[in-house]
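> Have a look at this fold, sequence not included:
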């Protein structure tokens, strides 16, 4: 089950406005309803592709998604419970026959009552309804450069009875919890993407196996000389990938310079990418293969924010190099700032 598709949010709210505008014209009696509440059905607001639904009744819902509770005597609703979890609702989105509500992602789904309860001033309505866990979330996996047959660790959330696939081939799971999976890469995993599937959906990670330049550690021959005065921070709650990321305090127009090396085996890749953030909004320039200025360099300037942002460049954007020799970055806002780098990899798509 997918979360609400942003392309359809406007459509949904136009629908809501229409419904509740009509309801407000004739709801003076509804708002004082003396009817004992009855839940007749629950429907989705969107289908699995994020399009407006046909309002077909359902008995299974997913956290973080909006649903319509339909029935009678709902106007004086005071509380809504999914699996006995007190769920917020917007009183504006309530009529005597419909309530629009989003299932909270903290709603329990294991060893739960499997019931929806609507409490009104006139009584309580109970409806059999199962809340499935949220769709799995995948923070990262490592090592990115694991060989076929080696073990990887996948970090994320809501890994309930997971299935792991690499390029569509199922991997053997060694162990799993709700937040971590250990799995063995199947044959043919190189340059393929890892996915995790549960009853609630599938998540596909955007960095392919065997593409890392930096993934908690630098892979030879790459690195950053110590004279850059950078730091390696170990904190999986703040990283973009894995557990370790790079920190560098830069003066305005300062830089961080990578080691010089040589890799001319680029035919399997389409370019490079990396994740970056900063303590304050900033601006950096990718200095690729020592090109601090010259043709095409202005196109390698990008802005940063306090949130991780993935930046990618194709080989064409980088001048179709014969080899990767160096990756460096120059501060380009003119202001001192602290920058963070992670998940420096080749791209394959």
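Done, it's in. Source: prediction; values computed, not measured.
> Show me how the protein divides into domains.
Following automatic domain parsing, the chain resolves into domains at 6-131, 137-204, 212-347.
> Can you lay out the ones you listed as JSON lines showing mean neighbour count?
Backbone N, C-alpha and C define where each C-beta goes, glycine included. Conversion of those to JSON lines gives the following (neighbours: other CB atoms under 10 Å):
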{"stretch": "domain 6-131", "mean neighbour count": "16"}
{"stretch": "domain 137-204", "mean neighbour count": "18"}
{"stretch": "domain 212-347", "mean neighbour count": "16"}
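> looking at the ones you listed, which has the lowest confidence?
When the domains of the chain are compared on average pLDDT, domain 6-131 comes out lowest at a mean of 81.
> List phi and psi for residue 300.
The phi/psi pair for residue 300 (degrees, to the nearest 10) reads phi -100, psi 10.
> I should have written residue 228 there, sorry.
Per degrees, to the nearest 10, the backbone of residue 228 is at phi -70, psi -20.
> Quick one: end-to-end distance for stretch 102-122.
23 Å (CA to CA, to the nearest Å).
> Check stretch 224-234 too.
Stretch 224-234 stretches 17 Å from its first residue to its last (CA to CA).
> Equivalent analysis for stretch 137-154, please.
OK, stretch 137-154 end separation, CA to CA: 10 Å.
> Name the residues that touch that stretch?
155-158, 164, 174, 180-190, 194, 196, 203-205, 207, 209-212, 215-216, 219, 236, 239-243, 343, 345 (CB atoms under 8 Å, 6 or more residues apart in numbering).
> So what pairs up with residue 180 in the strands?
Beta-bridge partners of residue 180, counted by DSSP bridges, are residue 155.
> From residue 275, how far out is it?
Remark: distance between residue 180 and residue 275 (CB to CB, to the nearest Å) = 21 Å.
> same thing with residue 303?
Here the criterion is CB to CB. By it, residue 303 lies 14 Å from residue 275.
> likewise residue 143?
Distance from residue 143 to residue 275, by CB to CB: 17 Å.
> now swap in residue 96 and tell me
In terms of CB to CB, residue 96 sits 50 Å off from residue 275.
> what's the answer for residue 171, then?
In this view, residue 171 and residue 275 are 24 Å apart by CB to CB.
> Over to residue 236?
14 Å.
> Quick one: distance of stretch 100-113 to the chain centre.
20 Å (CA atoms, centre = their mean, to the nearest Å).
> got the contact list for that stretch?
Contacts for stretch 100-113 (CB under 8 Å, 6+ apart): 16, 45, 61-69, 80, 82-85, 87-90, 93-94, 131-134, 160.
> Quick check: end-to-end length of stretch 185-194?
Start-to-end span of stretch 185-194 (CA to CA) is 9 Å.
> Apologies, that question was intended for stretch 259-269.
First-to-last residue span, stretch 259-269, CA to CA: 20 Å.
> And it, how far out from the chain middle?
With CA atoms, centre = their mean, you get 30 Å for stretch 259-269.
> swap in stretch 178-192?
With CA atoms, centre = their mean, you get 19 Å for stretch 178-192.
> again, but for stretch 266-277
20 Å.
> swap in stretch 178-195?
Distance, centroid of stretch 178-195 to centroid of chain: 18 Å (CA atoms, centre = their mean).
> got it, and stretch 152-165?
14 Å.
> and if you look at stretch 290-301?
With CA atoms, centre = their mean, you get 32 Å for stretch 290-301.
> which residues in the stretch 1-150 of the chain form helices?
Assigned by DSSP state H, counting those that start in this stretch, the stretch 1-150 of the chain shows helices spanning 9-25.
> State which strand of the protein is the longest.
Longest strand in the chain by number of residues (criterion: DSSP state E): strand 337-347.
> Name every strand pairing with it and say which way it goes.
In the sheet, strand 337-347 lines up against strand 212-215 (antiparallel), strand 244-250 (antiparallel), strand 271-278 (antiparallel) (DSSP bridges).
> who wins for proximity to residue 229 among these?
Proximity to residue 229 (CB to CB) singles out strand 244-250 among those, at 7.6 Å.
> Any chance you could list what contacts the closest one?
Residues outside strand 244-250 that contact it (CB under 8 Å, 6+ apart): 214, 216-217, 224, 228-235, 238-239, 256, 331, 336-342.
> Which other helices and strands does the helix or strand just after that strand contact?
Sequence-wise, the next helix or strand downstream of strand 244-250 (DSSP states H and E) is strand 255-257. In terms of contacts (3 or more CB pairs under 8 Å, 6 or more residues apart in numbering; DSSP states H and E), strand 255-257 is packed against strand 244-250, strand 327-331.
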